[in-house]
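J.: the sequence isn't on hand, but the structure is:
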């Protein structure tokens, strides 16, 4: 039962994942009284189970020109790097139409420019976040290898590397197994070429990173309450949020509930094409492989990263919504591939996981005021880049809350762009 008298707060942030907590921490540092609301099991949060990468080099949107020619394969290969379960195909059709439009050259170049701007802001914002929360001990600065099997794959990748160069990404191209082995030994010799991004960073453990930021927020007198936000109602000078156990009244509300944000936005009349990328991984025990750097198997849609002393193998994209049961064959398929590509990898004793990534058709998050009220701010839809863009998103949201200009043009991230 909800209490009759709403809990009062200056700013209510809905969502205690990496986006919501980063926003709450930033607002708190600028003098706001902030309450965070979330009822999700912390172990289930995508912010806890991801690869731990700050992927600032990943500026290229998923919706690239010509990608729709590959769409039939997505339906025919349920274990491919990007798949749509057949029983979800009709549900996702409106999203796919927006995705198709986003792949046109004009929209693609606009999204690429906006993504690059957000990446540059987020890269600098992360360093500010690390310093203010004294978190350098939770950061790995070991770079990333993006691997290619043979010259044909490598040559096909060069346009992408040129695009990264144009947008300020530092990298070195490697053209022999020996050059690759100097950075990461133990890879199959079929990987003959690679791109190495030395400025790539990872957190030592995504769960520890989120816990650290959450504790910093709580230590600063912030509150994280366990409740399910069911709907939002707009008042003349405040915002009412109906929870499952309590009600809440705030001067301003930030919706940062990840894949669950769509329903909350709809409750005040904003219809947004938010879908769910379901990501799969397997975390292997300590000693599974001597990993020196974050590895991306570009044409197979997965990565291998260090999580504490463990090894995490995961990735691929399954556009399957929030309700279909997990298909852990995808985790196993990635692990089997990793074993072929890293012959000494020990694959026993792993723990499988699936997480929900909130995804917009143009690969850009929504970071803007609601179309219905300036008292509601949206911050969701980051896809697989939530960790990467969390600190930058927090700074933009703080600018919106404080009604001041942002460091970058935020029009491309508007809730009204569709």
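T.: Sure thing, it's come through. Predicted model only: the values in this text are computed from it and were never measured. Residues are numbered from 1 along each chain as shown.

J.: and what about residue 56, helix, strand or coil?
T.: Per DSSP: H, G, I helix; E, B strand; the rest coil, the local secondary structure of residue 56 is coil.

J.: quick one: it and residue 126, what's the gap?
T.: According to Cβ to Cβ, to the nearest Å, residue 56 and residue 126 sit 8 Å apart. Where you see a C-beta, it was placed from the backbone N, CA and C, and this is true even at glycine.

J.: try residue 51
T.: For residue 51, the distance to residue 126 - Cβ to Cβ - is 16 Å.

J.: so the residue lying closest to residue 55 once chain neighbours are set aside is in which element?
T.: Excluding the flanking residues, the one nearest residue 55 by Cβ to Cβ, 6 or more residues apart in numbering is residue 388, at 4.8 Å. Assigned by DSSP states H and E, residue 388 belongs to helix 386-401.

J.: for residue 338, same thing?
T.: Short version, using DSSP H and E: residue 338 is in helix 329-341.

J.: same question, residue 278
T.: strand 275-284.

J.: that strand pairs with which strands, and in what direction?
T.: Next to strand 275-284 in the sheet, as set by DSSP bridges, lie strand 310-319 (antiparallel), strand 351-359 (antiparallel).

J.: rewinding a little: got a list of contacts for the helix holding residue 338?
T.: Contacts to helix 329-341, defined as Cβ atoms under 8 Å, 6 or more residues apart in numbering, come from residues 78-79, 83, 147, 187-188, 190-191, 280-282, 297, 300, 302, 304, 313-316, 318, 345, 347, 350, 352-354.

J.: now the buried members of those residues.
T.: 83, 147, 187, 191, 280-282, 297, 300, 302, 304, 313-316, 318, 345, 347, 350, 353-354 (16 or more other Cβ atoms under 10 Å).

J.: which element follows the worst-scoring helix or strand of the chain on mean pLDDT toward the C-terminus?
T.: In the chain, no helix or strand scores lower on mean pLDDT, DSSP states H and E than helix 71-76, which sits at a mean of 70. Using DSSP H and E, the helix or strand that follows helix 71-76 towards the C-terminus is strand 82-83.

J.: in the helix or strand that comes right after that following strand, what's buried?
T.: Downstream of strand 82-83, the next assigned helix or strand under DSSP H and E is helix 93-102. Neighbour-count burial for helix 93-102, counted by 16+ other Cβ under 10 Å, picks out 95, 96, 98, 99, 102.

J.: got the contact list for helix 93-102?
T.: Contacts with helix 93-102, where a contact means Cβ under 8 Å, 6+ apart, come from 61-63, 68, 71, 107-108, 111, 273, 275, 319, 361-363, 418.

J.: can you select the buried ones among the residues you listed for me in ChimeraX?
T.: Those of those that count as buried under 16+ other Cβ under 10 Å are selected in ChimeraX with:
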select :61,62,63,107,108,111,273,275,319,361,362,363
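
J.: show me which of the contacts of helix 93-102 has the smallest pLDDT value.
T.: Within these, pLDDT reaches its minimum at residue 71, with 71.

J.: and the longest helix seen in the chain, what does it pack against?
T.: Counting by DSSP state H, the longest helix found in the chain is helix 105-132. Where contact means 3 or more Cβ pairs under 8 Å, 6 or more residues apart in numbering; DSSP states H and E, helix 105-132 is packed against helix 18-29, helix 93-102, helix 386-401.

J.: quick check: which of those helices is buried the most?
T.: The highest average neighbour count among the helices and strands packed on helix 105-132, using mean count of other Cβ atoms under 10 Å, belongs to helix 18-29 at a mean of 28.

J.: give the residue spans of the stretch 101-250 of the chain that score low on pLDDT.
T.: Along the stretch 101-250 of the chain, no part satisfies pLDDT under 70.

J.: what's the domain layout of this structure?
T.: 1-58+104-135+203-273+361-418, 59-89+136-202+274-359 (automatic domain parsing).

J.: can you give me the end-to-end span of the shortest one?
T.: Between the opening and closing residues of domain 59-89+136-202+274-359 there is a gap of 15 Å (Cα to Cα, to the nearest Å).

J.: what about it, distance to the chain center?
T.: Its chain's C-alpha centre and that of domain 59-89+136-202+274-359 lie 14 Å apart, by Cα atoms, centre = their mean, to the nearest Å.

J.: ok, stretch 206-225 next?
T.: 19 Å.

J.: can you list contacts of that stretch?
T.: Contacts for stretch 206-225 (Cβ under 8 Å, 6+ apart): 7, 9, 16-18, 21-22, 24-25, 28-29, 34-38, 42, 45, 47-52, 129, 133, 135, 138, 203, 246, 307-308, 387.

J.: same thing but 6 Å
T.: Applying Cβ atoms under 6 Å, 6 or more residues apart in numbering, the external contacts of stretch 206-225 come out as 16, 18, 21, 24-25, 28, 34-37, 47-48, 50, 52, 133, 135, 138, 203.

J.: next one: stretch 291-311
T.: So stretch 291-311 is contacted by 51-53, 81, 142-147, 153, 183-184, 202, 205, 283-284, 286, 288-289, 312-313, 315-316, 334, 337 (Cβ under 6 Å, 6+ apart).

J.: please indicate which of these are buried?
T.: Those of the contacts of stretch 291-311 that meet the buried threshold are 51-53, 81, 142-147, 183-184, 202, 205, 283-284, 288-289, 312-313, 315-316, 334, by 16+ other Cβ under 10 Å.

J.: any idea where the strands of the stretch 151-300 of the chain begin and end?
T.: 172-174, 191-197, 201-203, 223-225, 229-234, 239-243, 247-255, 275-284, 294-297 (DSSP state E, counting those that start in this stretch).

J.: ok, which of those comes nearest residue 122?
T.: strand 201-203 (11.3 Å; Cβ to Cβ).

J.: distance between that closest one and the chain's centre?
T.: Worked out by Cα atoms, centre = their mean, strand 201-203 lies 14 Å from the chain centre.
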